[in-house]
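Trainee: when you get a sec, could you give me coordinates for this:
(one chain, ligands or ions: 2)
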Amino acid sequence: MSELPKLSVIGTGYLGATHAVSMVELGYEVIGLDVDQAKIDLLRAGKVPFFEPELPELLEKHVNGGRLRFTTDYAEVAEFADVHFVCVGTPQRPGELAADLTYVEAAFRSLAPHLDRRALVVGKSTVPAGTAVRMEALLQDLAPNKEVELAWNPEFLREGFAVQDTLRPDRLVLGVHSDWAEKTIRSAFEPVIKAGTPVVVTDFATAELVKVAANSFLATKISFINAMAEICETTGADVTQLAEAIGHDARIGRKFLNAGLGFGGGCLPKDIRAFIARAGELGVDQAVSFLHEVDSINQRRRARTVDLGLDLLDGSYRGAKVAALGAAFKPNSDDIRDSPALDVAAAIGRREGQVMIYDPQAIETARAKQPELNYATSLEDALDGADIVFLLTEWDEFKFMHPGVVGKLVAQRKIVDGRNVLDPVQWRQAGWQYRALGRP
Ligand SMILES: NC(=O)c1ccc[n+]([C@@H]2O[C@H](COP(=O)([O-])OP(=O)(O)OC[C@H]3O[C@@H](n4cnc5c(N)ncnc54)[C@H](O)[C@@H]3O)[C@@H](O)[C@H]2O)c1
Ligand SMILES: O=c1ccn([C@@H]2O[C@H](COP(=O)(O)OP(=O)(O)O[C@H]3O[C@H](CO)[C@@H](O)[C@H](O)[C@H]3O)[C@@H](O)[C@H]2O)c(=O)[nH]1
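Mentor: Ligands and ions are numbered 1, 2, ... in the order given. Okay, the predicted model is just below:
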């Protein structure tokens with residue numbers, strides 16, 4: 001296509017804000033929309049409402065450059081753009097396994113009545129199989145222009161690498177129902193496709209399933225190595241060496257075999273649960289019943305981490321000063337959704353440990369969710385006088401701590417390495433009692 005289409009991005013959270021900014025970087029004109037006025041105000045001022053490397057510089061550049069703007073007005077979006085990416089949240093429904101699709105449905109219901117010329121709406125949110133056909137029917141009902149079409153294009157970016165993953169994805173998955181929809185969505189990714197990115201063109205159900213299948217595979221790989229860690233704990237074997245050894249087999253691969261506290265975040269946990277729920281609705285529960293075990297193994301690692309600390313403290317946290325290093329679900333993010341780190345810190349707090357949490361980026365997000373916990377302003381602050389240290393998120397600042405230097409700050413040299421990133425020999429030689437998951 002000679003002229004690039006104009007794009008809108010609906011929902012400007014972790015995914016949508018990254019997508020909007022990155023598409024401008026690729027040469028498009030973009031309008032971002034959110035129902036959260038405070039978020040839109042920040043974005044308009046060139047400020048990213050969360051922590052994501054590379055994004056602040058690009059946002060500032062493009063807001064000033066005039067090819068990126070933000071609004072809360074659906075009419076403005078429909079007037080401006082030819083292709084609309086829907087990036088709203090699909091969180092777990094409270095007390096259930098299933099995904100909450102009310103935000104997706106609300107976004108389609110708000111946008112559709114304004115679509116009075118030919119346009120392509122592209123679902124990017126992670127949804128259970130069968131959602132896209134429902135949204136297609138909604139568009140056909142509510143859009144005044146009957147030539148409005150739908151495509152489903154699941155997103156695979158990782159937080160912490162979100163910009164690079166958007167500019168240079170491993171693949172594009174395009175779920176479409178017509179040649180026009182395929183041609184139009186291809187034009188919305190022209191520079192990415194020209195750069196040689198593999199493209200899989202498919203139907204809606206496959207596009208929806210690719211996403212949850214990919215996340216289920218990743219979660220299963222992590223829980224597999226954590227199950228091996230459980231075995232290592234009873235046999236005296238070392239799961240880090242085991243992972244290295246099996247990872248040399250190219251068919252297995254070393255990536256996503258880091259044993260430790262397990263997976264969290266706004267994606268893997270809720271996506272495997274929503275998959276279980278949807279399979280149940282479809283009457284194919286057995287096909288994904290293993291995902292229950294994947295989830296259980298993952299939860300058991302959190303409990304085991306709390307127990308490792310108890311071993312070092314003679315069976316009680318009561319009154320112990322506990323330095324919890326990490327709150328984010330993984331490094332290079334301030335995201336604390338279903339964070340294993342915060343979960344462990346809170347569990348120790350409930351056992352009357354005096355927990356002091358430090359995280360280089362996630363203090364504010366953690367405090368907003370769990371205001372009852374104590375937060376330090378620096379690593380030194382958290383370590384000061386601690387009876388035990390927990391490394392819960394593998395930020396570089398924690399990975400490269402020196403046992404001698406840290407040893408001078410704490411009251412007792414006791415450490416639980418929840419992410420298997422410290423050298424046990426080095427720490428033990430410096431007089432530390434060191435415990436880790438799946439390692440002697
Ligand atoms: N975060 C990731 O790394 C990532 C990666 C791939 C896919 N996903 C998927 O993308 C979707 C969004 O995830 P997220 O992490 O960005 O969530 P998020 O909560 O950070 O962002 C969602 C945004 O949608 C907005 N919103 C809610 N209802 C709206 C409406 N009716 N109209 C306009 N905006 C509305 C919210 O205000 C919020 O800003 C989810 O389905 C998630 O599974 C996320
Ligand atoms: O070997 C590993 C690798 C990861 N993790 C943990 O797994 C979680 C998820 O990590 P990661 O997948 O890197 O983060 P996300 O940003 O949540 O990305 C996942 O979820 C996104 C949302 O669906 C997808 O787009 C990505 O492809 C998918 O990797 C984190 O808690 C990690 O600490 C481990 O415990 N061991």
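
Trainee: state the next helix or strand along the chain beyond the helix ranked longest in the chain.
Mentor: What stands out as the longest helix in the chain, according to DSSP state H, is helix 204-235. Downstream of helix 204-235, the first helix or strand assigned by DSSP states H and E is helix 239-247.

Trainee: that next one and ligand 2, are they touching?
Mentor: No - Helix 239-247 stays clear of ligand 2 (Cβ under 6 Å from any ligand atom), getting no nearer than 8.4 Å. All C-beta atoms are positioned from the backbone trio N, CA, C, and that covers glycine.

Trainee: list the buried residues for the longest helix of the chain?
Mentor: Going by neighbour count (16 or more other Cβ atoms under 10 Å), the buried part of helix 204-235 is 204, 207-212, 214-216, 218-230, 232-233.

Trainee: within reach of ligand 2, which of those residues are there?
Mentor: Restricting those to those near ligand 2 - Cβ under 6 Å from any ligand atom - leaves 215, 218, 222.

Trainee: so the first one touches residue 270, yeah?
Mentor: No - the pair residue 215 and residue 270 fails to qualify as a contact (Cβ atoms under 8 Å) at a distance of 9.4 Å.

Trainee: surely residue 226 touches residue 296?
Mentor: No - if you go by Cβ under 8 Å, residue 226 and residue 296 don't touch, sitting 10.5 Å apart.

Trainee: and the helices in the stretch 51-200 of the chain?
Mentor: For the stretch 51-200 of the chain, applying DSSP state H, counting those that start in this stretch gives helices covering 55-65, 74-80, 102-111, 131-142, 162-167, 179-187, 190-194.

Trainee: so which of those helices is nearest residue 282?
Mentor: helix 131-142 (12.7 Å; Cβ to Cβ).

Trainee: other SSEs contacting that closest one?
Mentor: Contact here means 3 or more Cβ pairs under 8 Å, 6 or more residues apart in numbering; DSSP states H and E; on that basis helix 131-142 packs against helix 102-111, strand 120-123, strand 149-152, helix 204-235.

Trainee: any idea how far residue 156 is from the nearest residue to residue 171 once chain neighbours are set aside?
Mentor: Nearest non-adjacent residue to residue 171, counting by Cβ to Cβ, 6 or more residues apart in numbering: residue 198, 4.5 Å away. Look at residue 198 and residue 156: by Cβ to Cβ, to the nearest Å, they are 12 Å apart.

Trainee: so residue 390 is in which element?
Mentor: strand 388-391.

Trainee: what residues does the stretch 201-350 of the chain put near ligand 1?
Mentor: 266-267.

Trainee: thinking again about what came up before, which strands or helices does the longest helix of the chain pack on?
Mentor: Helix 204-235 packs on helix 131-142, strand 149-152, strand 172-175, helix 239-247, helix 268-281, helix 290-312, going by 3+ Cβ pairs under 8 Å, 6+ apart.

Trainee: between that helix and helix 268-281, how big is the angle?
Mentor: Angle of helix 204-235 versus helix 268-281, following axes from the mean of the first three to the mean of the last three Cα atoms, to 10 degrees, is 120 degrees.

Trainee: just want the angle from helix 204-235 to helix 239-247.
Mentor: 130 degrees.

Trainee: next, the angle helix 131-142 makes with helix 204-235.
Mentor: Relative orientation of helix 204-235 versus helix 131-142 (the same axes, to 10 degrees): 150 degrees.

Trainee: helix 204-235 vs helix 290-312, what angle?
Mentor: 30 degrees.

Trainee: what's the average pLDDT for helix 204-235?
Mentor: Per-residue pLDDT over helix 204-235 has a mean of 98.

Trainee: quick one: the helices and strands packed on helix 204-235 as a markdown table, columns for mean neighbour count too.
Mentor: A markdown table is the format used below for the helices and strands packed on helix 204-235 (neighbours: other Cβ atoms under 10 Å):
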| stretch | mean neighbour count |
| --- | --- |
| helix 131-142 | 17 |
| strand 149-152 | 26 |
| strand 172-175 | 22 |
| helix 239-247 | 17 |
| helix 268-281 | 21 |
| helix 290-312 | 18 |
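
Trainee: now those in TSV, please, with extra columns for distance to residue 189.
Mentor: Output for the helices and strands packed on helix 204-235, formatted as TSV (distance: least, Cβ to Cβ, whole Å):
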stretch	distance to residue 189
helix 131-142	18
strand 149-152	11
strand 172-175	6
helix 239-247	32
helix 268-281	23
helix 290-312	31
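
Trainee: could I get these as a markdown table with distance to residue 258 and mean pLDDT?
Mentor: Shown next, in a markdown table, are the helices and strands packed on helix 204-235 (distance: least, Cβ to Cβ, whole Å; pLDDT from 0 to 100):
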| stretch | distance to residue 258 | mean pLDDT |
| --- | --- | --- |
| helix 131-142 | 32 | 97 |
| strand 149-152 | 31 | 98 |
| strand 172-175 | 26 | 98 |
| helix 239-247 | 7 | 98 |
| helix 268-281 | 14 | 98 |
| helix 290-312 | 12 | 98 |
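
Trainee: low pLDDT regions in this protein?
Mentor: For the chain, applying pLDDT under 70 flags the ranges 1-2.

Trainee: do any residues in the strand or helix carrying residue 367 lie close to ligand 1?
Mentor: Using DSSP H and E, residue 367 maps to helix 363-369. No - figure legend: helix 363-369 not in contact with ligand 1 (Cβ under 6 Å from any ligand atom); closest approach 11.0 Å.

Trainee: quick check: buried residues in that helix?
Mentor: Across helix 363-369, burial judged by 16+ other Cβ under 10 Å covers 363, 365-367.
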